[in-house]
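> Give me the fold of what follows.
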Amino acid sequence: MFFSSYSASAALYSAHSVFLAAYELSWSVNSRRLHVEGNFINQSKNVVTGEHAGANRVARATSILDTVISAGEFTTLTDAIKAARLTVTLADEGPFTVFAPSDQAFKKLPAGAVDALLQDSAKLKAVLNYHIIAGHGTTADLKSGDVMTLQGSALTAVVSGSKIQVNGAHVKRADMVATNGIVHEIDTVIMPKHWRLLATAA
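Below is the predicted model of the structure:
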C-alpha cells in the first residue's frame, strides 16, 4: 500500500509557523483531518500508460534530479533543490513522485518571494517537500483524494480523465520516469491551506 511507504518520511516534517519582516510563510497548525478517496497511488503499477505517456517519457537511466535538470524547463526549481540541499535525496533515494513547478510557475509568485526562499534553506525545503510524495505515481496510478507530502501536510488531487490537478495546479507534462520515481510538471507552485508567500520590498 502507498500510505505505509511514506509514513516514516512524512513524520520527519511537521507544520509550523514562521515570519520574516519582508517575507512570510505561514500555515494553520489545526489542519483538517486527512481523508482519502481510494488509493491515491497504487505502487504495484510501474508502467506508464494514458494520453500523457509516449513523448513525455524521460529515459529511465536518469534520477529525478537529472530528469529535472535535463528537461530544460525547471531552472528555478533546480536552483531551489540545490539551495535546500535536496540533491542527494532526489538523486539517490526514493521512490518519490514529484510535482515539479516550471520556471513559468515560479514567475507567478509575488515579487521577491523566490529570492527570499532561496536565502532561507529551511523554509525553502518545507515548500519543496510539499511538492514531493513518497511512492511511484504515474498518471495511471493517480486517483482523486488527499495524500500526505514529505512536508507533513496533505495535498489534494483531482483526476478527471486525462486531466490532473493538485491543489488547483494543472499537470502540464506528466510521467517523466526516473530511476527513483516520477516527475510531473505543474503550472503553479502549490502551498498548503493558509500558507502565504508575500512580496518583498523593492
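
> pLDDT score for Lys143?
Taken from the predicted model, the pLDDT recorded for Lys143 is 92.

> correct me, but it touches Thr156?
No: Lys143 lies out of contact with Thr156 (CB atoms under 8 Å); the separation is 11.7 Å. Every residue, glycine included, has its C-beta placed from N, CA and C.

> Following element in sequence after the longest strand along the chain, please.
If you go by DSSP state E, the chain has its longest strand at strand 169-178. Past strand 169-178, further along toward the C-terminus, the next helix or strand under DSSP states H and E is strand 181-186.

> picking up where we left off before, listing partners with orientation, what would you give for the longest strand of the chain?
The partner list of strand 169-178 in its sheet, established with DSSP bridges, is strand 163-166 (antiparallel), strand 181-186 (antiparallel).

> And the first one, what's buried?
By 16 or more other CB atoms under 10 Å, the buried positions in strand 163-166 come out as 164-166.

> of the residues you listed, closest to Asp120?
Val166 (24.0 Å; CB to CB).

> separation between the closest one and Ala105?
Between Val166 and Ala105 the distance, using CB to CB, to the nearest Å, works out to 12 Å.

> Repeat that for Val127.
Applying CB to CB to Val127 and Ala105 gives a distance of 12 Å.

> any residues in contact with both of those two?
Among the neighbours of Val127, those also in contact with Ala105 (CB atoms under 8 Å, 6 or more residues apart in numbering) are Val189.

> Thanks again, I'm all set now.
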